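J.: fold the following for me, if possible:
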Amino acid sequence: MLYIVRHGQSLWNAENRFTGWKDIDINENGISEAKKVGEIIKKSNIHIDYIYTSDLIRTKHTANVINENMNNQVDVMTHSELLNERDYGVFSGLNKNDVKEKEGHKFLHTLRRSYDYKPENGESLDDVVQRVNAFVEHHLINKEDKNILLVAHGNSLRALFVSLGFKNKENIETFEIPTCQLIEIDLENKEYSYINPYQFSGLQILDSRGNPTVEVVCKDLDGHIIGRGSSPSGASCGSKEAHEMRDGIKTVFKGKSVLNSLEKVNIINKKIQLKVNNMTNLNDVDKQLVKIDNSTNKVNMGGNTTTAFSFCALDVISHLKKIEKYQYIQELVDNKKPLFIPTPLANVLNGGKHGSGGLQIQEFMIFANEKYDIQKQVQTLYDVFTELKKCLISTYGKASINFGDEGGYVPCGIQTNYEALNILQEAIIQAGYKPNEDVFCALDCAASEFYDTKSGLYQIEEKLNIEGDQLIEYYKVMIDLYPFIKSIEDPFDEVDYKCWAKFHELVGHKINIVGDDLFCSNINLVNEGLKKKWANSLLLKVNQIGTVSEAIQSAQAMLNENKKVIVSHRSGETNHSFIIDLAVGLGAQYVKIGGLCRGERIEKYNRLLEINEYLK
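T.: From the prediction side, this is the model:
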């Protein structure tokens, strides 16, 4: 097995200068990096038989430090000029920013990364490949049964990847090797992977519906778990959401198992570059996830895989930095405003895909006056929720108080949206509160679920099929009759942009018009929607886009335009409460977390209350 390492940070690396053949030593940070590589080799139980370095001091010093910190010490090292860094000729010793300012960004990139460009009195990468080929022939052939550690330079290692056939002159330009990133190369099977101080693995767990989902666990070199993350799953999904990877084997969890996704976690674990410095940068981790997947909607790795991985990375970062997750999110987005507790939206009545009665609207939610503190908000929700139970039993019988996926009641006796609003209003009053003063209503219509693409009609009631313009009037009348309605989510099909824009123009000044399937937490759709004024609020779901960082981009785009953000759960949830930390750190105005029952929903309410104590 071949193990390769780029030398630790040099004095000139730190000064951003072209080093080339100049014999510059590593600095204190470089020494620390090299020690870490030695520890990784030691704790990974790797026995090194041979060590090769270039003929320059920075690789020799790095190799010596690594050797001192390994399990076994190699007595004799071989130093070869064939592994020397690329000679930058007349540019050696110059500051890269100075070259960029004088010659331009394009020239700087060509100088640093082009395969064929040869600076005056210097070498091209092709020249380096030729001498590295000679090294491979003389020192690596017929040693496949030995463990070799090769300490060299960024360009000589890039040349090695070309020499061994892993890269070519076209794609080597984008291949980066950080200082002291340990890479394992299987010469026999022609595979390579990164060996990191943090190891990620996948586990198939069950979500709140009992369906399999992905949990990602991170362990340090001592085998201690330092982070976990899991992916929720939706029932009503937008067509542009990140791909949810399931095995499709009908005899195993009826096709819903995620064992293939666990294999993808292993692939990511081998392909991702994680050192102490970038492991505490979620943007960097998530960018690598996007690059490894290399598809539009996470079809290669699976959006559920990357979501769980990204949430796990967030948990690890919180652990390593010894701060709360919401504090890290605040730091990540540079949110300098005072933190506050977002207002929770509680699902109390379920219809559509979340219910089994005649209701077409998927969710009837309530939320308390935003001026109330979180303790009073939660008590208000509780009072109305429990009173609603009594009203449902009295009017429709005990069969009407079964719970749906998100903790709301599934009232099988209710047939129309107006019936639902009437009994909800009644429960608020019976609980001792005033509708439109103490308690408000939010609807999730999930209109794509009752929109017929062939006829262009919406079945807003069981026997009422209407066109988009008629549906706009339907909602307008409803808002006038029930002024406690202050938010409507997905009132139209996800691509019925004409109706979205018209509805926003008519009532956007009075209520939140929330895009869920409309936006799918995708920054491109959000930017288009802001430009064309489709909606004034975003429902944010991390697993719709596949990483925390990408979801944050969409949220910030809305918040920067003084729009509303509602960080949301999914119908198939897990017991992690990371979305609450995300909402608080971002400065989102609302969180959508279900009814006041079911452990996975209560976990989110409890996290709100917990963070409230921290903020005091």
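J.: looking at the chain, which helix or strand is least sure?
T.: Least confident helix or strand, the chain: helix 276-279 with a mean of 82, by mean pLDDT, DSSP states H and E.
J.: give the buried residues for that helix.
T.: 278-279 (16 or more other C-beta atoms under 10 Å). Quick note: C-beta positions are derived from backbone N, CA and C, even for glycine.
J.: check the average confidence over whatever helix or strand comes next after it, would you?
T.: Next helix or strand after helix 276-279 toward the C-terminus (DSSP states H and E): helix 282-293. The pLDDT scores in helix 282-293 average 97.
J.: what residue ranges in the stretch 351-500 of the chain score low on pLDDT?
T.: 353-357 (pLDDT under 70).
J.: all strands for it, in order.
T.: Secondary structure of the stretch 351-500 of the chain by DSSP state E, counting those that start in this stretch: the strands cover 363-368, 402-403, 409-410, 439-444, 451-452, 457-461, 464-466, 485-489.
J.: so which of those comes closest to Met558?
T.: Evaluated over the strands of the stretch 351-500 of the chain, closeness to Met558 peaks at strand 485-489, with 14.1 Å, by C-beta to C-beta.
J.: which residues touch that closest one?
T.: 345, 363, 365, 367, 421, 440-446, 475, 478-479, 511-516, 537, 539, 566 (C-beta atoms under 8 Å, 6 or more residues apart in numbering).
J.: mind listing what's buried in stretch 396-415?
T.: Using 16+ other C-beta under 10 Å as the test for burial, stretch 396-415 gives 396, 400-401, 403-412, 414.
J.: closest one of these to Phe311?
T.: Glu406 (19.6 Å).
J.: next one: that closest one from Leu443, what distance?
T.: From Glu406 across to Leu443, the span is 14 Å (C-beta to C-beta, to the nearest Å).
J.: okay, the buried residues of stretch 396-415 in JSON lines with distance to Lys531 next?
T.: Below are the buried residues of stretch 396-415 laid out as JSON lines (distance: C-beta to C-beta, whole Å):
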{"residue": "Tyr396", "distance to Lys531": "45"}
{"residue": "Ser400", "distance to Lys531": "44"}
{"residue": "Ile401", "distance to Lys531": "45"}
{"residue": "Phe403", "distance to Lys531": "41"}
{"residue": "Gly404", "distance to Lys531": "36"}
{"residue": "Asp405", "distance to Lys531": "35"}
{"residue": "Glu406", "distance to Lys531": "32"}
{"residue": "Gly407", "distance to Lys531": "36"}
{"residue": "Gly408", "distance to Lys531": "35"}
{"residue": "Tyr409", "distance to Lys531": "40"}
{"residue": "Val410", "distance to Lys531": "39"}
{"residue": "Pro411", "distance to Lys531": "40"}
{"residue": "Cys412", "distance to Lys531": "43"}
{"residue": "Ile414", "distance to Lys531": "39"}
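J.: so which of these sit within helices?
T.: By the criterion of DSSP state H, membership of the buried residues of stretch 396-415 in helices covers Tyr396.
J.: in PDB, list the C-alpha atoms belonging to stretch 470-490.
T.: The C-alpha trace of stretch 470-490 is given here as PDB (Å, rounded to 0.1, in the frame of the first residue of the first chain):
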ATOM      1  CA  GLN A 470     -61.200  30.700  -9.000                       C
ATOM      2  CA  LEU A 471     -58.900  29.300  -6.300                       C
ATOM      3  CA  ILE A 472     -57.400  32.700  -5.700                       C
ATOM      4  CA  GLU A 473     -61.000  34.000  -5.000                       C
ATOM      5  CA  TYR A 474     -61.700  31.000  -2.800                       C
ATOM      6  CA  TYR A 475     -58.700  31.900  -0.600                       C
ATOM      7  CA  LYS A 476     -59.500  35.600  -0.600                       C
ATOM      8  CA  VAL A 477     -63.000  34.900   0.700                       C
ATOM      9  CA  MET A 478     -61.600  32.400   3.300                       C
ATOM     10  CA  ILE A 479     -59.200  35.100   4.500                       C
ATOM     11  CA  ASP A 480     -62.000  37.700   4.800                       C
ATOM     12  CA  LEU A 481     -64.300  35.300   6.600                       C
ATOM     13  CA  TYR A 482     -61.500  34.000   9.000                       C
ATOM     14  CA  PRO A 483     -59.200  37.000   9.600                       C
ATOM     15  CA  PHE A 484     -57.100  34.900  12.000                       C
ATOM     16  CA  ILE A 485     -55.600  33.200   8.900                       C
ATOM     17  CA  LYS A 486     -52.200  34.800   8.700                       C
ATOM     18  CA  SER A 487     -50.200  32.300   6.600                       C
ATOM     19  CA  ILE A 488     -50.900  30.100   3.600                       C
ATOM     20  CA  GLU A 489     -48.200  27.600   2.400                       C
ATOM     21  CA  ASP A 490     -48.200  26.200  -1.100                       C
END
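J.: ok now it, how far from the chain's centre?
T.: Here stretch 470-490 is found 34 Å from its chain centre; the criterion is C-alpha atoms, centre = their mean, to the nearest Å.
J.: pull the residues that contact stretch 18-32.
T.: Stretch 18-32 has contacts (C-beta under 8 Å, 6+ apart) with 7-14, 34, 56-58, 61-62, 65, 84-89, 91-94, 96, 99, 122, 179-180.
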